[in-house]
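# Got a predicted model here, sequence first, then my questions.
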Amino acid sequence: MDKGYDSEKIHTLIREEIKADSIIPLKKRKEKKRKEKKRKEKKRKEKKRKEKERKLGESIENNCILAL
């Protein structure tokens, strides 16, 4: 999917009706944000996932350097 499908209605449908995680990339919004619970939840999860991947990558990199 692409960013064109990013809407609260679609995120809610995927999460509540289909019982799955949405993998739709979020659009960058310039206008004032409305109450979009599912989009905010996805944004938080995505941020945590990226942070976890970054920490894992740094850990692996540090271990490789120490092994030398």
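Received the coordinates, thanks.

# Sketch out the low-pLDDT regions of the protein for me.
Under the criterion pLDDT under 70, the flagged ranges of the chain are 1-6, 29-35, 66-68.

# Spatially central residue for it, please.
E46 (2.3 Å; C-alpha atoms, centre = their mean).

# Assign that one to helix, strand or coil.
When classified by DSSP: H, G, I helix; E, B strand; the rest coil, E46 comes out as helix.

# That one against I23, yeah?
No. With contact defined as C-beta atoms under 8 Å, E46 and I23 do not form a contacting pair (9.6 Å). Any C-beta I mention is one placed from the backbone N, CA and C, and that applies to glycine too.

# so the spatially closest residue to the residue nearest to the centre of the chain that is not a sequence neighbour is in which element?
Counting by C-beta to C-beta, 6 or more residues apart in numbering, E46 lies nearest to L26, which is 7.5 Å off, once chain neighbours are set aside. L26 belongs to no helix or strand when elements are defined using DSSP states H and E.

# wait, isn't L26 in contact with E41?
No. Applying C-beta under 8 Å as the test, L26 and E41 come out as separate, 11.1 Å apart.
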